[in-house]
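Q: Can you look at this prediction? I've put the sequence above it.
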Amino acid sequence: MRVGITYDLRADYLAEGYGEEETAEFDRPDTIEGIEDALRAIGHDPDRIGRAAALVKRLAAGDRWDLVFNIAEGLVGYGREALVPALLEAYGIPYTFSDPLVLSIALHKGMTKRVVRDLGIPTPEFAVVEEPADADRIQIPFPLFAKPVAEGTGKGIGADSKARDRDELRAVCARLLSTFRQPVLVEAFLPGREFTAGIVGTGARAEVIGVMEVHLLDGKAEPDAYSYKNKAKYEDLVTYRLVDDREAREAGRVALAAWRGLGCRDGGRVDIRSDAQGRPSFIEVNPLAGLNPVHSDLPILCRLLGIPFRELIRRIVKSALDRIAETPAPPPRASARLV
């Protein structure tokens, strides 16, 4: 089976003048090599496509694929992760991972939490700050935690993200609004354990493959948050532990309910944090989780479980092929033609 691979290579954007933090979510060459090698090892014929602009050129030239393994993050706007899937859907080409609707909602953490809250899944009380004055209207008890509403990889999260009073909240919101030019998610700070749950599958077939606890090293890591710095230097600042106690299992249950409720597909991660009483709550979902074979959280979790990277990719592809086989094809229309 011919499998295209869509992705955003970080080096390409750095060469165009974008900054280190701006490109933090994009992929390294060894990520693409790892996915390509895994696809080849499980019997497929991988074909590197690249980012959305490269996909457009390939589609216009008449290229097609049996499946596209999509990890393209995009660059601009709340729909940036949805761009490649939307293009593929327009051409009737199946792909891995979630659809444009899910990717657009999941990128906006405030919208995601509204859906999760409506589903009855526990999540910290929150507000979305659109302008500096909004910080003065928040009535959630301190301490609070602030982060950009539509970023990943810990971007914008640092030592000042935990606000203990109104002045600190104003300051961190002003910084984030200015730096990232997008709203700020402010939520009640949960002081308990931090987990990430790895999930493979879609709908009723989705399952938690394992729950990993994130430990920040005292005296070294930035406290209270799995921040941009802590993630970038995780070898020195963070330890990961596979956990299966009662609280961790509840974290997995919350994660799976959110995954299914949001309509996520094939594979990814859900981040969970507990309150002071040890009750886990939804923090955010990663429907396009990082897939660097060494450095990304989902492969790290799989490694702790004894699941090889090749097997993770096989399970993701199998989930995609299973759901595609069960999806009725639209009736053909002789007059329909893309130009």
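A: Yep, it's here.

Q: quick check: domain ranges of this protein?
A: 2-95, 125-188, 194-325 (automatic domain parsing).

Q: Quick one: end-to-end distance for the longest one.
A: What that stands for is domain 194-325. 37 Å (C-alpha to C-alpha, to the nearest Å).

Q: So which residues of the stretch 1-150 of the chain form strands?
A: 2-6, 45-50, 67-70, 126-129, 144-148 (DSSP state E, counting those that start in this stretch).

Q: Put together CSV for these, with distance to residue 269 and mean neighbour count on each row.
A: From N, CA and C alone the C-beta is placed, and that goes for glycine too. Shown next, in CSV, are those (distance: least, C-beta to C-beta, whole Å; neighbours: other C-beta atoms under 10 Å):
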stretch, distance to residue 269, mean neighbour count
strand 2-6, 20, 21
strand 45-50, 23, 17
strand 67-70, 16, 25
strand 126-129, 20, 20
strand 144-148, 17, 24
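
Q: what residues are up against residue 37?
A: residue 310 (C-beta atoms under 8 Å, 6 or more residues apart in numbering).

Q: what pLDDT does it get?
A: At residue 37, the pLDDT value in this model is 98.

Q: Quickly note the distance from it to residue 314.
A: Distance of residue 37 to residue 314, computed by C-beta to C-beta, to the nearest Å: 12 Å.

Q: for residue 12, same thing?
A: Distance, residue 12 to residue 314, using C-beta to C-beta: 28 Å.

Q: Ok, residue 113 next?
A: Counting by C-beta to C-beta, the gap from residue 113 to residue 314 is 33 Å.

Q: now residue 108
A: Relative to residue 314, residue 108 is positioned 31 Å away (C-beta to C-beta).

Q: cool, and residue 3?
A: Per C-beta to C-beta, residue 3 is found 12 Å from residue 314.

Q: ok, residue 259 - how many residues close by?
A: Neighbourhood size, residue 259 [other C-beta atoms under 10 Å]: 27.

Q: Show me the helices in the stretch 151-300 of the chain, by range?
A: Taking DSSP state H, counting those that start in this stretch, the helices of the stretch 151-300 of the chain run over residues 166-180, 228-232, 234-237, 246-262, 297-305.

Q: Which of these sits closest to residue 18?
A: Taking C-beta to C-beta, helix 166-180 is the member of the helices of the stretch 151-300 of the chain nearest to residue 18, at 13.8 Å.

Q: Give me the distance between the two termini of stretch 176-195.
A: End to end - C-alpha to C-alpha - stretch 176-195 spans 25 Å.
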